[in-house]
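A.B. asks: Give me a model of this one.
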Amino acid sequence: MFRSFYNYYLSSEKDLAKKLKSVLGFVPNNLGLFKLAFFHKSMNNAESTDVKSYNNERLEYLGDSVLSTVVAEYLYNKYPGRDEGFLTKMRSKIVKRKTLNKIAESMGIDTILSNYSQGKISYSMLGNAFEALVGALYLEYGYNQSRDYIISKILMRYLDMKDLEDNDDNYKSQLLEWSQKESRNISYKLISKYKQDKRDRFKVGVYMDGEQISTAEDYNKKSAEQLASFSALKKMNIKKVKV
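C.D. replies: Take a look at the predicted model:
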């Protein structure tokens, strides 16, 4: 309690503490850890090996695993009568980049992220920072407390579970399911990877029976695959898909 009070009123990082309270609803004890969750690698000095590793990627890795476990447990308890296939699809819909980006935007994560990144903030950076934030929560408060917070303050507040049940915008999954039914071979290839605004950008191609049918680019490889899959579905008029 005293540490939170100090961080909010007396710390040199009190501005960060106030923004964290606005986003999280509380002030964490370890401000340095939570600051790291928003520190994008674009802020690194490429010529300094000491600073190069100071970014949120390790926290993002940890948060990704924690979030996947929390969501799996939440869905298992919420849907006692549904099978493994349904639970797996629902978890994929929740932890995919598009959903996490929306959650992060609703939480106001961009108000903090803009202070610790250079250049234009891409939409995918919001979801990355959210996962890093989950990693920070886990390190400071442990699994049980983090799980309870994520479920009550994030999943139940920012997700429309009925909408997730009814809609499928996993275009890659749709395309692969179609290819299995039609006995066609769908594959994905990374065409190029380059820097833009000091961030990696990926160009991905979708190939059917070895022939390229669509391409797409994004700052996240998985997102690029989804966009390319959406383009392929539209081009081949396979089915009406949600934009």
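
A.B. asks: contacts and neighbour counts: CA atoms only from here.
C.D. replies: Will do.

A.B. asks: Buried residues in stretch 102-112, which are they?
C.D. replies: Residues of stretch 102-112 classed as buried: 102-105, 107-110, 112 (neighbour count, 16 or more other C-alpha atoms under 10 Å).

A.B. asks: Quick check: strands, which of those are part of them?
C.D. replies: With strands taken from DSSP state E, there is no overlap with those.

A.B. asks: Just put the residues you listed in JSON lines and tack on distance to W178 and pLDDT.
C.D. replies: Shown next, in JSON lines, are the buried residues of stretch 102-112 (distance: C-alpha to C-alpha, whole Å; pLDDT from 0 to 100):
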{"residue": "K102", "distance to W178": "28", "pLDDT": "95"}
{"residue": "I103", "distance to W178": "30", "pLDDT": "97"}
{"residue": "A104", "distance to W178": "32", "pLDDT": "96"}
{"residue": "E105", "distance to W178": "33", "pLDDT": "95"}
{"residue": "M107", "distance to W178": "36", "pLDDT": "96"}
{"residue": "G108", "distance to W178": "38", "pLDDT": "95"}
{"residue": "I109", "distance to W178": "37", "pLDDT": "95"}
{"residue": "D110", "distance to W178": "37", "pLDDT": "92"}
{"residue": "I112", "distance to W178": "41", "pLDDT": "93"}
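
A.B. asks: Which one of these is nearest to K181?
C.D. replies: Closest approach between the buried residues of stretch 102-112 and K181, by C-alpha to C-alpha: K102, at 32.4 Å.

A.B. asks: which residues does that closest one contact?
C.D. replies: K102 makes contact with G127, according to C-alpha atoms under 8 Å, 6 or more residues apart in numbering.

A.B. asks: Distance check, it against M161.
C.D. replies: The spacing between K102 and M161, counted by C-alpha to C-alpha, to the nearest Å, is 14 Å.

A.B. asks: In three-state terms, label the closest residue to L113 other than its chain neighbours for me.
C.D. replies: Leaving aside its chain neighbours, L113 sits nearest to F38 (5.2 Å; criterion: C-alpha to C-alpha, 6 or more residues apart in numbering). Three-state call for F38 (DSSP: H, G, I helix; E, B strand; the rest coil): coil.

A.B. asks: Perfect, I'm done here.
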